[in-house]
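Visitor: Next input, structure requested:
(one chain, ligands or ions: 2)
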Amino acid sequence: MSSTSRDERCLLAVPKKGRLHERCMKLLQGCGLECERAERLDIAHCDNIPITLVFLPAADIPKFVGEGNVDIGITGQDVIREESVDVTQLLELGFGKCQLAVQAPKGQYASAADLIGKKIVTSFPNLTAQFFKELAASKGRTEDTTVVAVGGSVEVSCTMGLGDAVVDLVETGATMDAAGLEKLDVILRTQCVLIANKSCGHPAIVDRLKKRMQGFLDAQQYSMVSYNVHAANKAAAIAITPGRRSPNVTNLEEEGWFAISAMVKKSELMDVMDRLADCGAIDILAFDIRSCRGSAQSQ
Ligand SMILES: Nc1ncnc2c1ncn2[C@@H]1O[C@H](COP(=O)(O)OP(=O)(O)OP(=O)(O)O)[C@@H](O)[C@H]1O
Ligand SMILES: O=P(O)(O)OC[C@H]1O[C@H](OP(=O)(O)OP(=O)(O)O)[C@H](O)[C@@H]1O
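Guide: Ligands and ions are numbered 1, 2, ... in the order given. Take a look at the predicted model:
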C-alpha cells in the first residue's frame, strides 16, 4: 500500500455481496484500481491510487455516503431514494437496472388503486408508504394502507399470508412469475450509480475515478472499426461510419486509397461491417476498446 494517511485517501463504498458486487469489481478493475482484499476483511487499500474500498451492504451505502463516513459509493438508486439521503449523483453506471414494482397475486386485483387500505409487504417501506399515500390522495380515498417491512424474500409474503400484495424489485420478471404474482404498477426505475458526499473532500481523485469509469463504460458500448476504401466509395463509407466525433481518415501509399477508422456502437457493429463491404470497403477489421478518455460525452 502507498504511504498515504486516512485523510489523504478517498473512501469508496462498494456493495459487499449480492447482484451489484461482481459488476462493481469488474468496473473498478476496468478503471485500473489495484487492491488486495484480505480474506474476511471488508476494507482494501488500492496500491496505485489513493482510494480505499469499504465493502458494505448495498442498502447501507447511501446513509454512509450522506453522512460522510465514506466519500463516495456505488449502489442502486432504489436504496438511495428509500433512505432519502442528500447525496450527489455523479454517474449512472448502466447495470443493476430494474424496477421497483407493485405486485399482487395473479388475477386478484385490476390496479394498484385496488390495494389502497390493504396490507403491503416490502423491503422499501418508505417508498411504498409514500406511493400509496399519493395514490390514495389522487383518488380521493382516505383509508391508510398498511406497510409491513421485511428484510428479503419479499415475493413469498403473499403465499405466507403476510400481506395482500408486495412491492419488490423486478428485472426479468422470473421471480415474480414463479411466485404467482403480476405487476400492477411501477414505483421507480433504478440502476446502479456512483454517488458522492455533498462536501466530499477529494474532488481531484473523485473526478479522475469518474472519468475512468465513464471511459470504461464507453469502451464497453463501442468497438473500433478500420478499413480501406477507394476514393470513389469514400463518402459512402464515411456516411456509414461517422464515428462519435469524426472518423480518422489517412492516405494509403497506394494512389486513390484511404484507411479509415471510427468508433461504432457494438450493437450496430455487424450491420455496419456488412454495409461497408457492400459499398466496396476492404480489409474491414473490428477491435475491442479497453477504455477511452476525452470523448465529448465523457466531459
Ligand atoms: N433483479 C435485479 N436486477 C437488477 N438489479 C437488481 C436486481 N435486484 C436487485 N438489484 C439491484 O441491486 C441492489 C442490491 O440488491 P441485492 O438483492 O443484490 O442486495 P443485497 O440484499 O445486498 O444482497 P442479498 O440479496 O444477496 O442479500 C438493489 O438495491 C438494486 O439496486
Ligand atoms: O425479475 P427478476 O430477474 O427475477 O429479479 C427480481 C429479483 O431479484 C432480486 O432478488 P435477488 O435475486 O437479488 O435475491 P434476494 O431476494 O435475496 O434479494 C429482487 O429482490 C427480486 O426477488
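Visitor: Please name the nearest non-neighbouring residue to the residue in the stretch 1-150 of the chain that ligand 2 sits nearest to.
Guide: Ranking the residues of the stretch 1-150 of the chain by distance to ligand 2 (C-beta to the nearest ligand atom) places R19 first, at 4.8 Å. Placement of C-beta: from N, CA and C, glycine included. Spatially, and ignoring its direct neighbours in sequence, R19 is nearest to G96 (6.6 Å; C-beta to C-beta, 6 or more residues apart in numbering).
Visitor: Give me the pLDDT for the one you found.
Guide: Each residue has a pLDDT score; the one for G96 is 97.
Visitor: likewise R6?
Guide: Confidence at R6, expressed as pLDDT, is 59.
Visitor: Next: S295.
Guide: In this prediction, S295 carries a pLDDT score of 66.
Visitor: related to what we said a few turns ago, check whether the helix or strand hosting the residue of the stretch 1-150 of the chain closest to ligand 2 comes near ligand 1.
Guide: Using DSSP states H and E, R19 maps to helix 18-30. Yes. In terms of C-beta under 6 Å from any ligand atom, part of helix 18-30 sits within range of ligand 1, namely 18-20.
Visitor: Can you tell me which residues in the stretch 101-250 of the chain are near ligand 1?
Guide: Taking C-beta under 6 Å from any ligand atom as the contact definition, the stretch 101-250 of the chain meets ligand 1 at 152, 169, 171, 190.
Visitor: Roughly how far does the nearest residue to V79 once chain neighbours are set aside sit from ligand 1?
Guide: What sits nearest to V79 in space, not counting adjacent residues and going by C-beta to C-beta, 6+ apart, is A59, at 4.7 Å. The spacing between A59 and ligand 1, counted by C-beta to the nearest ligand atom, to the nearest Å, is 6 Å.
Visitor: With L28 instead?
Guide: 16 Å.
Visitor: Which of the helices or strands spans the residue lying farthest from the centre of the chain?
Guide: Most distant residue from the mean C-alpha position of the chain: E255, 47.7 Å away (C-alpha atoms, centre = their mean). Element membership for E255, per DSSP H and E: none, as it lies in no helix or strand.
Visitor: which other residues reach the longest helix belonging to the chain?
Guide: Scanning the chain for the helix with the most residues, using DSSP state H, yields helix 203-221. Helix 203-221 has contacts (C-beta atoms under 8 Å, 6 or more residues apart in numbering) with 10, 12, 27, 30-32, 49-51, 71-72, 90-91, 93-94, 194, 196, 200, 265-266, 288-293, 295, 297-298.
Visitor: Put the buried members of the residues you listed into a PyMOL selection.
Guide: To isolate the buried subset of the contacts of helix 203-221 in PyMOL, counting by 16 or more other C-beta atoms under 10 Å, use the following:
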select buried, resi 10+12+27+30+31+49+50+51+71+72+90+91+93+194+196+200+289+291+292+295
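Visitor: I'd like to know which of the contacts of helix 203-221 are part of helices.
Guide: Where the contacts of helix 203-221 overlap with helices, as defined by DSSP H, the overlap consists of 27, 30.
Visitor: Go through the contacts of helix 203-221 and flag which are in strands.
Guide: Secondary-structure check on the contacts of helix 203-221 using DSSP state E: residues within strands are 10, 12, 51, 72, 90-91, 194, 196, 265, 288.
Visitor: Kindly list the main-chain dihedrals of the residue nearest to R19?
Guide: For G96, the backbone dihedrals are phi 70, psi 30 (criterion: degrees, to the nearest 10).
Visitor: Can you redo the residues of helix 18-30 next to ligand 1 as CSV, where the extra columns are neighbour count, pLDDT and distance to I284?
Guide: Shown next, in CSV, are the residues of helix 18-30 next to ligand 1 (neighbours: other C-beta atoms under 10 Å; pLDDT from 0 to 100; distance: C-beta to C-beta, whole Å):
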residue, neighbour count, pLDDT, distance to I284
G18, 12, 90, 42
R19, 16, 90, 38
L20, 21, 96, 38
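Visitor: Give me every residue in the stretch 151-299 of the chain lying close to ligand 2.
Guide: 152-153, 155, 168-176.
Visitor: quick one: which of those is most hemmed in?
Guide: D168 (27 neighbours; other C-beta atoms under 10 Å).
Visitor: three-state assignment of it?
Guide: Taking DSSP: H, G, I helix; E, B strand; the rest coil as the rule, one finds D168 in the strand state.
Visitor: And it, what's its pLDDT?
Guide: In this model, D168 is scored at 98, pLDDT.
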